[in-house]
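Trainee: need a 3D model of the sequence below.
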Amino acid sequence: MGVLSGLKPEKVFKYFEEITRIPRGSYNEKAVSDYIVGFARERGLEVYQDDLYNVIIIKEASKGREKDPAVILQGHIDMVNEKAPDSTHDFMKDPLDIYIDGDFIKAKGTTLGGDDGIAVAYMMAILDDPTVDAPRLEMVFTVSEEVGMEGASGIDLSNLKGKLLLNLDSEDEGILLAGCAGGMRGELRLPLSFTDCKDGKVYELKISGLLGGHSGSEIDKQRINADHMLARVLNELMVSGADLKILSMCGGGKDNAIPFEAAALVKIDDKDKSLFTEKLKAIEESIKNEYRNTDGGVKLSLEESNVSGDKVLTDESLRKAVGLILAVPNGIVKMSGDIKGLVETSLNLGIMRTEEDTLILTYALRSSVDSAKEALRQRVSLIADCFGAKVCYHGAYPAWEYKKESLLRDKMIRVFEEMYGKKPEVSVIHAGVECGLLAEKIDGLDAISFGPDLFDIHTVNERLSISSAARTYDYLLKILATRE
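Mentor: Okay, the predicted model is just below:
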């Protein structure tokens, strides 16, 4: 018996649980891709798999629906791999340890992969149900969405007939997404110089207790970015006159996730230990006061490390490293002037690490306005150049522009109102979805993104609402069954 046995709709939760048993972090999608292909072949469905491991499955129209316009359903098969500090989970081989907590499905100590595993489960359930009333369905399963939408960028959609796209990669029931920001990844590399330091013990200076989150959908919550805040802490220590000797710095694991922990290895003389502890306590209290309503659990700790080393950053390299991190903007850069409450442009420092003689900083740049995105890219490049850092950009994807007229949107609003007696909210979001890339490949594409309630995606607190997942599936089936 599976953990989710007995939940309804049975097929949805059956397939959701099955894919939680398959490791499927970004760039590790072959196994889950092969599983989906095998599933299709067992049922005699038309299926295609490309070299990237994207999959397309065709299900022909139900009897009497042959002349209706084909519909594309789409979601991504990769997930963000994040785990709690004390977790021993191996994302390359271990199944997720899922469990039910009231109305929620969660995973012990890790992300759940509901983003976007629920889309995969919905599509497989439909493909496995001969009673579903629908036109020709073209199921598109993409890879590497979480690291720059590389699957959607590389997929060949020339064999598709559909001009209507239901993207199943949203996390708020009752909200229909009709546009999103574009973005890109930026990597800064700053050369570092080291000097010998044999005196003192090595300690780990760590910032923890933070909420983290998705760098698109939760950037507006003003949560602390652990990487950026660690640089501030180091700067405040230097300004206070502390004799700061840094061996290395690290924090974050995904550029599209707000890092919730970061650490630096520091060398401290015994005579200075109590002074460091005192200064850190004062800095912690200041940060807690500033973020008392968003990240009040922030904690600064200083623990002796079992790491040894005699090479520490020179004073000049330390100032440049800390200065670069603090000089590059982080978080919200500009709010939208058209849509109240919408973030237009943002920047997130997702990964920070020292590697031999280099500080590497990886950012996610987002904007719903192309010129603003380009201006931010140029700004980051200028700052990097001033500090002597090299910068490169990759994984660019376009904004998905809101269409003033959409027959698909009108239909989905009408169906929702018929089912629930109220209109859904139509929104544009700051987080990226693949609709923009797919619209570039299919002329005249009419797209909407929607999904069930998912909370704290890209974090170990991720959870999927069982009741919302069931309602959203019913809504999806009703949309497919409703004729034009």
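Trainee: any low-confidence regions in the stretch 201-350 of the chain?
Mentor: In the prediction, the stretch 201-350 of the chain carries no residues with pLDDT under 70.
Trainee: ranges for the strands of it?
Mentor: 201-208, 213-214, 246-251, 257-258, 262-268, 299-304, 311-313, 331-335, 343-355 (DSSP state E, counting those that start in this stretch).
Trainee: show me the domain layout of this structure.
Mentor: Using automatic domain parsing, the domain ranges for the chain come out as 10-181+399-481, 184-397.
Trainee: quick one, helices of the protein?
Mentor: All helices of the chain, identified by DSSP state H, fall at 10-20, 30-42, 114-127, 150-154, 226-239, 273-290, 315-327, 370-386, 407-420, 435-441, 466-481.
Trainee: re the thing from before, and of the strands of the stretch 201-350 of the chain, who's closest to residue 163?
Mentor: Proximity to residue 163 (Cβ to Cβ) singles out strand 343-355 among the strands of the stretch 201-350 of the chain, at 28.9 Å. In this view, the C-beta of every residue, glycine as well, is placed from N, C-alpha and C.
Trainee: chain center to that closest one, what's the gap?
Mentor: 12 Å (Cα atoms, centre = their mean, to the nearest Å).
Trainee: just checking: what are the partner strands of it?
Mentor: Strand 343-355 sits in its sheet next to strand 246-251 (antiparallel), strand 331-335 (antiparallel), strand 358-367 (antiparallel), going by DSSP bridges.
Trainee: the longest one to helix 226-239, inter-axis angle?
Mentor: It refers to strand 358-367. Interaxial angle of strand 358-367 relative to helix 226-239 (axes from the mean of the first three to the mean of the last three Cα atoms, to 10 degrees): 130 degrees.
Trainee: what's the average pLDDT for strand 358-367?
Mentor: Regarding strand 358-367, the rounded mean pLDDT is 96.
Trainee: pull the CA atoms of that strand into CSV?
Mentor: Output of strand 358-367 as CSV, limited to C-alpha atoms (Å, rounded to 0.1, in the frame of the first residue of the first chain):
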residue,chain,number,x,y,z
THR,A,358,37.8,32.6,-7.1
LEU,A,359,34.6,33.8,-5.6
ILE,A,360,31.6,32.6,-7.6
LEU,A,361,28.3,34.3,-7.4
THR,A,362,25.2,33.1,-9.4
TYR,A,363,22.2,35.3,-9.8
ALA,A,364,18.7,35.0,-11.2
LEU,A,365,17.6,38.1,-13.1
ARG,A,366,13.9,38.6,-13.8
SER,A,367,11.8,41.3,-15.4
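Trainee: what's the closest non-adjacent residue to residue 247?
Mentor: residue 265 (4.0 Å; Cβ to Cβ, 6 or more residues apart in numbering).
Trainee: mind listing what the one you found touches?
Mentor: Going by Cβ atoms under 8 Å, 6 or more residues apart in numbering, residue 265 touches 202-205, 246-249, 305, 307, 309.
Trainee: and the furthest pair within these?
Mentor: Across these (Cβ to Cβ), the longest gap, 14.5 Å, separates 205 and 309.
Trainee: more neighbours: which of these two?
Mentor: Using other Cβ atoms under 10 Å as the criterion, residue 205 and residue 309 rank with residue 205 on top: 24 against 13.
Trainee: roughly how far apart are that one and residue 224?
Mentor: Distance, residue 205 to residue 224, using Cβ to Cβ, to the nearest Å: 16 Å.
Trainee: contact partners for the closest residue to residue 434 other than its chain neighbours?
Mentor: In space, residue 434 comes closest to residue 152 once its chain neighbours are excluded; the distance is 4.0 Å by Cβ to Cβ, 6+ apart. Contact analysis of residue 152 by Cβ under 8 Å, 6+ apart lists 76, 142, 145, 397, 434, 437-438.
Trainee: pick out the lowest-pLDDT one from the residues you listed.
Mentor: Across these, the bottom pLDDT score, 86, is held by residue 397.
Trainee: who does that one bridge with?
Mentor: residue 183.
Trainee: can you give me the neighbour number for it?
Mentor: Around residue 397 there are 24 residues (other Cβ under 10 Å).
Trainee: what sits against it?
Mentor: 148-149, 152-153, 182-184, 432, 434, 436-437.
Trainee: so which of the residues you listed is the most crowded?
Mentor: residue 183 (31 neighbours).
Trainee: could you double-check that it sits in contact with residue 363?
Mentor: No: using Cβ atoms under 8 Å, residue 183 is not in contact with residue 363; the gap is 10.0 Å.
Trainee: let me see the backbone angles for the residue nearest to residue 87 when sequence neighbours are not counted.
Mentor: Of all residues not flanking residue 87 in the chain, residue 109 sits nearest, at 3.7 Å (Cβ to Cβ, 6+ apart). With angles defined as degrees, to the nearest 10, residue 109 sits at phi 80, psi 0.
Trainee: return the residues in contact with residue 109.
Mentor: With Cβ under 8 Å, 6+ apart, residue 109 has these contacts: 83-84, 86-87, 89, 97, 460.
Trainee: how about a cut-off of 6 Å?
Mentor: Contact partners of residue 109, counting by Cβ atoms under 6 Å, 6 or more residues apart in numbering, are 83-84, 87.
Trainee: tell me the one of the contacts of residue 397 nearest residue 481?
Mentor: Distance to residue 481 across these (Cβ to Cβ) is lowest for residue 434, with 25.1 Å.
Trainee: I'd like the distance between the closest one and residue 412.
Mentor: Residue 434 is 18 Å from residue 412, by Cβ to Cβ.
Trainee: what do you get for residue 165?
Mentor: From residue 165 across to residue 412, the span is 12 Å (Cβ to Cβ).
Trainee: same check, this time on residue 187
Mentor: For residue 187, the distance to residue 412 - Cβ to Cβ - is 39 Å.
Trainee: and the pLDDT for the closest residue to residue 95 other than its chain neighbours?
Mentor: Computed as Cβ to Cβ, 6+ apart, the closest residue to residue 95 that is not its neighbour in sequence is residue 21, at 4.0 Å. For residue 21, the model assigns a pLDDT of 98.
Trainee: how about residue 349, nearest residue that isn't a chain neighbour?
Mentor: residue 227 (4.8 Å).
Trainee: hmm, residue 180 and residue 448 touching each other?
Mentor: No: using Cβ atoms under 6 Å, residue 448 is not in contact with residue 180, being 11.5 Å away.
Trainee: more neighbours: which of these two?
Mentor: Neighbours per residue (other Cβ under 10 Å) separate residue 448 from residue 180, with residue 180 holding more: 29 against 23.
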